[in-house]
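K.L.:
One predicted model, sequence on top.
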Amino acid sequence: MKIQELLRDHAIAIQQVDRSKIRSNAVIFRVPDGGHIIFLDRGLPDNLKLFSLAHEAAHLDLGLLYTKTSQYDMGIERRVDRRAIDLLEDALAPGMYAVLLEKFDASEGALFGCLAKDAVFRPEALAWLKGSLG
């Protein structure tokens, strides 16, 4: 899967944390050894975990990482969400790539509403996620 390759190629580690430790579904940070770590809300449903993981990896892939002084930018977040969908294309159940693109074009709420449903991802992708998270 594209997301697996990106995580490996950029030496991105994943750690699940309690929601109280982060202000969003997930966040990516650079670590001193030059790699990156994604902190992922352990309470999320698996579909949202996988999308959030791809979203944070997409920040790095696009070179759009926030810094301590960065302001939240909805334009950046939309670009990153779109890239996350592309990164997950080969992890999605048949027909879901087109559905997610349609929901993305409609609104952020429509996209996340769709992601909250079952049968968005192939079972192998969710198995990989669970194995990666331990």
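P.N.:
Okay, I see it. Numbering: from 1, shown residues only.

K.L.:
got any ranges where this structure has weak pLDDT?
P.N.:
Flagging of the chain using pLDDT under 70 yields an empty set of residue ranges.

K.L.:
all helices in it, in order from the N-terminus.
P.N.:
Taking DSSP state H as the criterion, the chain carries its helices at 2-9, 46-61, 74-87, 96-106, 108-115, 123-133.

K.L.:
you'd agree residue 6 is up against residue 55?
P.N.:
No - under the criterion of C-beta atoms under 8 Å, residue 6 makes no contact with residue 55, lying 11.8 Å away. From N, CA and C alone the C-beta is placed, and that goes for glycine too.

K.L.:
More neighbours: which of those two?
P.N.:
Counted by other C-beta atoms under 10 Å, residue 6 and residue 55 do not tie: residue 55 has more neighbours, with 23 against 18.

K.L.:
residues in contact with the more buried one?
P.N.:
25, 26, 80, 81, 84 (C-beta atoms under 8 Å, 6 or more residues apart in numbering).

K.L.:
What about the residues you listed, which one has the most neighbours?
P.N.:
For the contacts of residue 55, counting by other C-beta under 10 Å, the largest number of neighbours falls to residue 84: 25 neighbours.

K.L.:
Contacts only, for that one.
P.N.:
With C-beta under 8 Å, 6+ apart as the criterion, the residues that contact residue 84 are 51, 54, 55, 57, 58.

K.L.:
quick check, nearest of these to residue 72?
P.N.:
Set against residue 72, the nearest of the contacts of residue 84 by C-beta to C-beta is residue 55 (13.7 Å).

K.L.:
ok, now how distant is that closest one from residue 66?
P.N.:
Distance from residue 55 to residue 66, counting by C-beta to C-beta, to the nearest Å: 12 Å.

K.L.:
what do you get for residue 50?
P.N.:
When distances are taken as C-beta to C-beta, residue 50 and residue 66 turn out to be 21 Å apart.

K.L.:
Looking at these two now, which is surrounded by more residues?
P.N.:
It is residue 50, of residue 50 and residue 66, that has more neighbours when counted by other C-beta under 10 Å, with 27 against 14.
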